[in-house]
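> Okay, predicted coordinates and the sequence, questions at the end:
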Amino acid sequence: MVTVEQIAQYCEHEIARLQLAGDREELRRLQLAIGVLMRAAEHARDRETAMRFRILAARAANAQELIAGED
């Protein structure tokens, strides 16, 4: 079974990869998916996991903005 840790690590890797590739649209999609995971954690009252996904969603948003600034 996949763990929260593995999912978070995958998301971190994807954010870095997509930022390097300059792929704003995929970053936006990843941010939305991370948001769903964050809300699921909030629903389960798992504050630590929700915060972790909130931070990852913010990183994805920041990466999008960095790419937009390069255009």
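Arrived safely. In this text the structure is predicted, and so the values were computed from the model without any measurement. Numbering: from 1, shown residues only.
> Near Ala57, how many other residues are there?
Residues near Ala57, counting by other C-beta atoms under 10 Å, number 21. No exception for glycine: its C-beta is placed from N, CA and C like everyone else's.
> Repeat that for Ile55.
Ile55: 14 surrounding residues under other C-beta under 10 Å.
> which SSE is it in?
Assigned by DSSP states H and E, Ile55 falls within helix 47-70.
> quick one: average pLDDT of that helix?
Mean per-residue pLDDT for helix 47-70: 96.
> which residues are contacting that helix?
Helix 47-70 is contacted by residues 4, 8, 11-12, 15, 18-19, 22-24, 27-28, 30-31, 34-35, 37-39, 41-42 when judged by C-beta atoms under 8 Å, 6 or more residues apart in numbering.
> run the last query once more with 7 Å
Helix 47-70 is contacted by residues 4, 8, 11-12, 15, 18-19, 22, 24, 27-28, 30-31, 34-35, 37-38, 41-42 when judged by C-beta atoms under 7 Å, 6 or more residues apart in numbering.
> any chance you could read off phi and psi for Asp46?
Note on Asp46: its backbone torsions stand at phi -100, psi 90 [degrees, to the nearest 10].
> I'd like the distance between it and Gly69.
Asp46 is 34 Å from Gly69, where distance means C-beta to C-beta, to the nearest Å.
> Next: Ala21.
From Ala21 across to Gly69, the span is 16 Å (C-beta to C-beta).
> Looking at these two, which one has more neighbours?
More crowded of Ala21 and Gly69, by other C-beta under 10 Å: Ala21, with 11 against 7.
> List the residues that contact the more buried one.
Residues counted as contacts of Ala21 (C-beta under 7 Å, 6+ apart): none.
> Over to the one 3 residues further on?
For Arg24, the contact set (C-beta under 7 Å, 6+ apart) comprises Gln64, Ile67, Ala68.
> Try it again at 10 Å.
Each residue near Arg24 by C-beta atoms under 10 Å, 6 or more residues apart in numbering is listed here: Leu18, Ala63, Gln64, Glu65, Leu66, Ile67, Ala68, Glu70, Asp71.
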